[in-house]
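*Asks:* Predicted structure and sequence below. I'll ask about it afterward.
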Amino acid sequence: MKVKRQSKDESQRFIPVIKQLGKSVREYKKPSFLAPAFVMLETIIECLIPWIMTLLLGVLEIASDKGTLNPDAFLVKLLHFLTGGAENPSYLLLILEFGAALMVLAMISLFCGIKAGKYTAIASSGFAKNLRKDIYYKIQDFSFSNIDKFSTSSLITRLTTDVTNVEMSYMMIIRTAIRAPFMIIFAMIMAFTINADMALIFLCIAPVLATGLILIMVKAIPFFNKIFKKYDALNESVEENVRGIRVVKSYVREDFEKQKFNKASNEVKQNFTKAEKLIALNTPLMNFCTYSGIILIFVIGSIMIISSENSLLQWTELQSFMTYSFQILMSLMMLSMIMVMIIISVASARRIAEVLNEQSSIVSPKDAVFDLENGDITFENVAFKYNKSADRFAVENISVEIKSGETVGIIGATGSGKTTMVSLIPRLYDVSGGRVTVSGRDVKDYDLETLRNSVAMVLQKNVLFSGTIKENLKWGNKDASDEEIFAAARLSQAHEFILARENGYDTMIEQGGTNVSGGQKQRICIARALLKKPKILILDDSTSAVDTHTDALIRQGLKKYIPETTKIIIAQRIASVQDADKIIIMENGTISAVGTHDELLAKNEIYQELYYSQNKMQSTKGGKE
Amino acid sequence: MPPRIQPPKSAKNGKGFNPQKAKKGTFKRLLNMLVSQNKKLLIIIVTCIVITAITGVASSFFLKNLLEVINRGLDYVNKGSTGNQALDKVLPSLITIFVVMGSVYLVNILCSFIYTRTGAVLTQRFLHQTRTAIFNKMQSLPISYFDSHKTGDIMSVYTNDTDALRQLVSQSIPQLLSASISLVTLLVLMFSYSIWLSAVMFLGIFVMFRVTKSVGGKSAKYFIKQQQALGREEGFIEEMMQGGKVIKVFCHEEESKKEFDKKNEELCEMATKAHTFANILMPIMGNIGNILYIFVAFVGGVLAALNVPNLSVNGLTYDTVSFIIVIMAFLPVSRQFTANVSQSSQQINSIVMGLAGASRIFDILDEKPETDDGYVTLVRCKIDENGNIEECEERTGHWAWKHPHKADGTITYTELKGDIQMFNVDFGYVPEKIVLHDVSLYAHPGQHLAFVGATGAGKTTITNLINRFYDIADGKIRYDGININKIKKADLRRSLGIVLQDTNLFTGTVMENIRYGRLNATDEECVAAARLAYADDFITRLPQGYNTMLKADGGNLSQGQRQLLSIARAAVKDAPVMILDEATSSIDTRTEALVQKGTDRLMDGRTVFVIAHRLSTVQNSDVIMVLEQGVIIERGSHNDLINEKGKYYQLYTGAFELE
């Protein structure tokens, strides 16, 4: 727990998180830069259009003989330039020219908009892809203790929802977050170019809107953070409920659950309502600012036009001011929305960075050994705890020597440390104290892949993957020939039942291996491990669902066909270990006794108790084995 | 517009989100649902949206009036007045305009304040209603529903679909409503200005609709494809995360990366396409708007230059000056109009996704609930020396079935003893495939029955019929002589204490989890039950003992510990009939022996059904039934069956495999 909190604190800082995530942009840097570049161009043109529009209207006005134009006005000069100072220029032609110019601008703007949209999509989807890839690759490099630290479900959330949130933000940032400030700046510039006094109106209103929006955000964000937690809890409780529906129904707790859900849902509702009510203030605030702007433009504008006799401000310019005011205020509004989105996704970004920053605790050493000669194993005063801050060692004082080719049985109660102890051999975890050697060398000296390919472990909580039986078996050795596969399956007593299936080795295994029985699954898993041709084979309670007879056949086969391989068998059944060269009895994380079946039966109390409790059955067996 | 929030999804099973197109009539039904539950709020909101939309259009309307006044002012100037004199002359008209404008805007701001705030309340209320409706419905669904639906798929209704619905209700629908009101108002305004220019607009709008349909349609199509690709990738991720340790043991990291890359590329491709179409829609619409704007100005300009009289619904105007005013007033209107159309077009994805979500929600709401025609109820009772049963409120330790007879209106009471009999029962999870054939069994009060057989032989199925998780196809089940179909399901289940194969615990403390068995149990009773199940030992060693919080289905406990807790939970329930389905399968044999002592005490005097893999767990039962492919092939005590030298004997000696 403590370790987890610490690492969270480290990644709390915002900048490192951004830097970490930024590394995943890679080949999408180009679209990531092109997108805002095109957005910028588009924005500039969008600001130019209303201005040229004003010019066009000015031409219309002149054409209608309305203008008492100031000879210094830009338009007059421009017209003079365009017509070469002709006394009576063709206004229709001018209108056509301006119209054409505007059309061209609109086309360029359209082109830029489409390009920007496309590059944005490429950049954000690509970034998300790289992010998912980086997280996934990172997780693949995790050690067991890294995996233990993050729960499976939280890793899945990080790979899915969190990445989607960041993707959305990224898209907003390279598109809208660039667009809005530019829009504000350019619209401001244009407004000032047309009439500086009028443009001051924007300078008055924009801060009001900005302050209002920021206030709303600041107030709303804590609510959103709260909502996330509540929402998460709500969903978790639903999931729990769906999984446990049989329990709910058995105990007639439907109403109880409904009440519980109603309460939780109501809490989400209340918090969400509060947050959304605050956010809802955006619209009236926005409207207030826009309309104040319009009224001010109208009041000041109309007074200015009439009193200056249409010289300080052209009445045709009035509508372009309205356009700019819309553009500026809209952009502010957009900015505030993006802020919320970004702030929301910061939590997601942090969670992702947490995974990316995680250092795999077990890696191959620099000058790794790639040769592993035999299956000798020694434990030298080994101690191990899963968590550095844990008070108790999971196993300690473990010293034992196992010779290559030996069969070793390990027996003991749940939680006595059997699995923990054997996990140290293929370096699934690193010892906290002491030393584990394989073939005379510390396991830490070996290349990880070499070590793990030589030490095949059949896990207690085993998993088959969706795909055919053959594909699953090939996990052990992807180049295995059919003969090798059959041989391994025969050894694990799986060959027959596989052949009995309609599609034999091509039978599809469903996700989680639900379409084979527990015992069949275990035997496939053993065959999969055998295909590695390991020097050391560890069976962690791997035949618990296999009947005693088949269990015995598997053990006989192992002894006969892979005599050089060291075999470590963890079991509940005495029968599974009693032929072993050595039986280790574990109790509370230590080895309480080591010996052969006969030795232990003679003097070890735990073993005797186990033997007799299970032997009640065996005595009636009639000597069958 | 509130920001889009994607609720964090917790771990999902299966494919997760499985997008499909919405069924016909979904939108109508959604509206009905929305209306029927929230009439008052809706009236307020719709009224305010309408007012806001109409008053929002007003600025364009005022511009024309204002320009006319300014024009009048400039006329005075042309006729020789100074600017200030002209201003004085038109000032009253200007003030009138500003006052009217100010008040209209005030109304607009007020209405937008009301509808957005009320809208937030309505949206959340509606979502709460929908969530609870789904959840309540879910609680009433039969177990078979959960057999045929993946947890992940059900979860995605609560997460993805409800979120899509939120988008639809809080944004798309109000946006569409507001836009259509604005559009109508603007249309009226445009026609009142100029029919020529309106005609130009119509041409443009036609183009806009076509574009929305084709680009927006493509975007929606790829969004659905993206969701499917995402679903596939999530499924893969989930499988790989769950098998994470196996991957490590087999050094299979590179292969799993390769496979992931393939799925990831596919997702990226779909996402790029979906987002490209969504992203370009806005600039396309915006620039069509721009082009239209230019076109209107241009056409207007040409018309004015050619001195073509303006035609509006008000009649013909020959005055070119006022035509220019019309053009200038028309331009913002056209801009507003196209802005409304293009903003509405942005909603197309939300609408497609929202309706698909609503459609899935309705699918759940339309599921047929578990039927319960039972009328026999379970009541506490007192029994006197003569065996007369009298109903009472207080706890007596006695229960009786209260059986009202419709024919004559009398009520009879039958003592709850735990006598369960099955006669010639046939059953299949699907009608075409019968899994239990002609099963008959007699469990007398206090007897212990055990079921032995391979996986899929029908052991769990039989117990699932007793508590009516499923209904039998043929035959009869009697409980204390009463046909169980006549017993109310809740009361039937209340009389059965069940420890299931899968131990499901709930978020909460250890104590709360034990108390789940009987909500009014005292702490002492819960601790006593834990002792009975031999769970007290490990619970007291937990960091906070009985107050330790269990999270994510008791993930911090071992499978064995969870089984002990679920036994304790059943013990607290103190039901006269117990069903133990592989209750001790994950507990090591030594601990099991200790638990057995506790459960023996628990089972004493009760009718018990035991299902176990280990023969040692069942061999003390009064009757052991061996099941094979849904048929009871042997029955008798342990010794009987051993002497019989049949299947049980073979299983026992290990000649056959139990799976």
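*Replies:* In hand now; what should we look at? Numbering: from 1, shown residues only, chains lettered A, B, ... in the order given.
*Asks:* which residues in the stretch 401-550 of chain B form helices?
*Replies:* Assigned by DSSP state H, counting those that start in this stretch, the helices in the stretch 401-550 of chain B fall at B:459-466, B:489-494, B:510-515, B:523-532, B:536-540.
*Asks:* Let's have those helices in CSV, adding mean neighbour count and distance to chain A.
*Replies:* To be clear about C-beta, it is placed using only N, CA and C from the backbone, and glycine gets the same treatment. As requested, these are exported to CSV (neighbours: other Cβ atoms under 10 Å in any protein chain shown; distance: least, Cβ to the nearest Cβ, whole Å):
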stretch, mean neighbour count, distance to chain A
helix B:459-466, 22, 9
helix B:489-494, 20, 5
helix B:510-515, 23, 10
helix B:523-532, 19, 14
helix B:536-540, 17, 9
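*Asks:* okay, these in CSV with mean pLDDT next?
*Replies:* Shown next, in CSV, are the helices of the stretch 401-550 of chain B (pLDDT from 0 to 100):
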stretch, mean pLDDT
helix B:459-466, 87
helix B:489-494, 89
helix B:510-515, 92
helix B:523-532, 91
helix B:536-540, 85
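*Asks:* how about JSON lines for those, with distance to residue A:485 added?
*Replies:* Shown next, in JSON lines, are these (distance: least, Cβ to Cβ, whole Å):
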{"stretch": "helix B:459-466", "distance to residue A:485": "34"}
{"stretch": "helix B:489-494", "distance to residue A:485": "49"}
{"stretch": "helix B:510-515", "distance to residue A:485": "46"}
{"stretch": "helix B:523-532", "distance to residue A:485": "49"}
{"stretch": "helix B:536-540", "distance to residue A:485": "43"}
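*Asks:* tally of neighbours for residue A:104?
*Replies:* Using other Cβ atoms under 10 Å in any protein chain shown, residue A:104 is surrounded by 11 other residues.
*Asks:* Kindly report the same for residue A:229.
*Replies:* 12.
*Asks:* dump the residue contacts of it.
*Replies:* By Cβ atoms under 8 Å, 6 or more residues apart in numbering or on different chains, the contact set of residue A:229 is empty.
*Asks:* swap in residue B:178?
*Replies:* Residues in contact with residue B:178 (Cβ under 8 Å, 6+ apart) are B:49, B:52, B:53.
*Asks:* now swap in residue B:628 and tell me
*Replies:* Residue B:628 makes contact with B:453, B:454, B:457, B:647 under the criterion Cβ under 8 Å, 6+ apart.
*Asks:* Now the nearest residue to residue A:583 once chain neighbours are set aside: which helix or strand?
*Replies:* Distances taken as Cβ to Cβ, 6 or more residues apart in numbering or on different chains put residue A:409 closest to residue A:583, at 4.3 Å, once the chain neighbours are dropped. Using DSSP states H and E, residue A:409 falls within strand A:407-412.
*Asks:* Confidence-wise, which helix or strand of the chain is lowest on average?
*Replies:* Picked chain A for this. None of the helices or strands of chain A scores lower by mean pLDDT, DSSP states H and E than helix A:2-10, at a mean of 40.
*Asks:* wait, I meant chain B there
*Replies:* strand B:315-317 (a mean of 63).
*Asks:* Residue B:326 reaches residue B:310, doesn't it?
*Replies:* Yes. With contact defined as Cβ atoms under 8 Å, residue B:326 and residue B:310 form a contacting pair (5.7 Å).
*Asks:* coming back round to it: tell me which residues form a beta bridge with the residue nearest to residue A:583?
*Replies:* Beta-bridge pairing of residue A:409 under DSSP bridges involves residue A:569, residue A:583.
*Asks:* What distance do you get for it to chain B?
*Replies:* Applying Cβ to the nearest Cβ, to the nearest Å, the value for residue A:409 to chain B is 15 Å.
*Asks:* any idea of the pLDDT on that residue?
*Replies:* As predicted, residue A:409 sits at a pLDDT of 94.
*Asks:* hey, which helix is longest across chain A?
*Replies:* Identified as the longest helix of chain A according to DSSP state H is helix A:91-140.
*Asks:* that older thread, residues touching the residue nearest to residue A:583, list them.
*Replies:* Neighbours of residue A:409 in contact, by Cβ under 8 Å, 6+ apart: A:569, A:570, A:571, A:576, A:577, A:578, A:580, A:582, A:583, A:584.
*Asks:* and of those residues, the nearest to chain B?
*Replies:* Of all these, residue A:571 has the smallest distance to chain B: 10.5 Å, by Cβ to the nearest Cβ.
*Asks:* Can you read off the backbone torsions of the closest one?
*Replies:* phi -150, psi 160 (degrees, to the nearest 10).
*Asks:* okay, now it: neighbour count?
*Replies:* Neighbour count for residue A:571, taken as other Cβ under 10 Å: 24.
*Asks:* is it true that it touches residue A:578?
*Replies:* No. Between residue A:571 and residue A:578 there is no contact under Cβ under 8 Å: 9.7 Å.
*Asks:* coming back round to it: near chain A, from the contacts of residue B:628?
*Replies:* Among these, proximity to chain A is found for residue B:454 (Cβ under 8 Å from any Cβ of the partner chain).
*Asks:* among the contacts of residue B:628, which ones are buried?
*Replies:* Using 16 or more other Cβ atoms under 10 Å in any protein chain shown as the burial test, these include B:453, B:454, B:457, B:647 as buried.
*Asks:* From residue B:627, how far off is the third one?
*Replies:* Right, the one you point to is residue B:457. According to Cβ to Cβ, to the nearest Å, residue B:457 stands 4 Å off from residue B:627.
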